[in-house]
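In: Structure, please.
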Amino acid sequence: MACTKLLSVLVLLQVLSLHVHGATAATNTTRARPRRGGGKCHISGFLRGKGHKCDTEHGSECCVEGRRYPQYRCSPPVSARTPAILTLNCFAEGCDGGGRSFCDDRFHDDSEMVVALSSGWLRLDGTRRCGKMVRVHGNGRSVVAKVVDECDSVNGCDEEHNFEPPCPHNVVDGSPAVWKALGLRESIGEVKVTWSDV
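Out: Numbering: from 1, shown residues only. Model prediction:
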């Protein structure tokens, strides 16, 4: 009888020890695990450039043969004031924007308030922003524009992308109408802005 009681106490101590050890391990694992994303977006690969003449109408950079261009499959987290670089793009047929817009398979006049977003923001972060409205803040003004295209952060240096390199991970590519509404001169080429979902 005494042996049975002693055995029961030892089993109970073993169970309690495993429970406390498991809770401690789970707590330590949680502390040691880095935050998902952590507010950063890192290069996911490189694309080797193919030299070809591109349309430089709006200050586009053409790919250089053999140069390595960073690719991104992410973008920084979206907030009420997400930092970005506003670039200029023509979404009309025959312009430097390439083909039809990714979201609606259409061309858009320079007078339309439309933007393209880096791949991560458009679709790779789990939020589908095609056809949605975003607010862009810059130069002391703000404008609401429709998301119609992708500024491809993975692919480039081919005819479909006007032989331009992949976009950086933090681009809002605005039409001339967006630039005008923000009171920006197109000759600037790019400017720091913030943006948010509407």
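
In: Toward the C-terminus, what is the element adjacent to the strand ranked longest in the chain?
Out: When the chain is scanned for its longest strand (criterion: DSSP state E), the result is strand 141-151. Scanning the chain past strand 141-151 towards its C-terminal end, the next helix or strand to appear is strand 171-174 (assignment: DSSP states H and E).

In: Would you mind pulling up the elements that the next helix or strand after that next one packs against?
Out: Using DSSP H and E, the helix or strand that follows strand 171-174 in sequence is helix 176-181. Identification of packing neighbours for helix 176-181 by 3 or more CB pairs under 8 Å, 6 or more residues apart in numbering; DSSP states H and E yields strand 82-88, strand 114-118, strand 141-151. C-beta here means a position set from N, CA and C on the backbone, and glycine is covered the same way.

In: and of the ones you listed, who's closest to residue 131?
Out: Taking CB to CB as the criterion, strand 141-151 is the member of these that comes nearest to residue 131, at 6.6 Å.

In: Neighbouring strands - and their directions - for that closest one?
Out: When pairs are called by DSSP bridges, strand 141-151 turns out to pair with strand 114-118 (parallel), strand 133-138 (antiparallel).

In: Using PDB, write out the CA atom coordinates for it.
Out: Backbone C-alpha positions of strand 141-151 (Å, rounded to 0.1, in the frame of the first residue of the first chain) are rendered in PDB as follows:
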ATOM      1  CA  ARG A 141      -2.800  67.900 -50.200                       C
ATOM      2  CA  SER A 142      -4.700  64.600 -50.600                       C
ATOM      3  CA  VAL A 143      -6.500  62.900 -53.400                       C
ATOM      4  CA  VAL A 144      -8.600  59.700 -53.800                       C
ATOM      5  CA  ALA A 145      -7.700  57.500 -56.700                       C
ATOM      6  CA  LYS A 146      -8.800  54.100 -58.000                       C
ATOM      7  CA  VAL A 147      -6.400  51.200 -58.000                       C
ATOM      8  CA  VAL A 148      -6.300  49.900 -61.600                       C
ATOM      9  CA  ASP A 149      -2.800  48.400 -62.100                       C
ATOM     10  CA  GLU A 150       0.200  46.700 -60.600                       C
ATOM     11  CA  CYS A 151       3.600  48.200 -60.400                       C
END
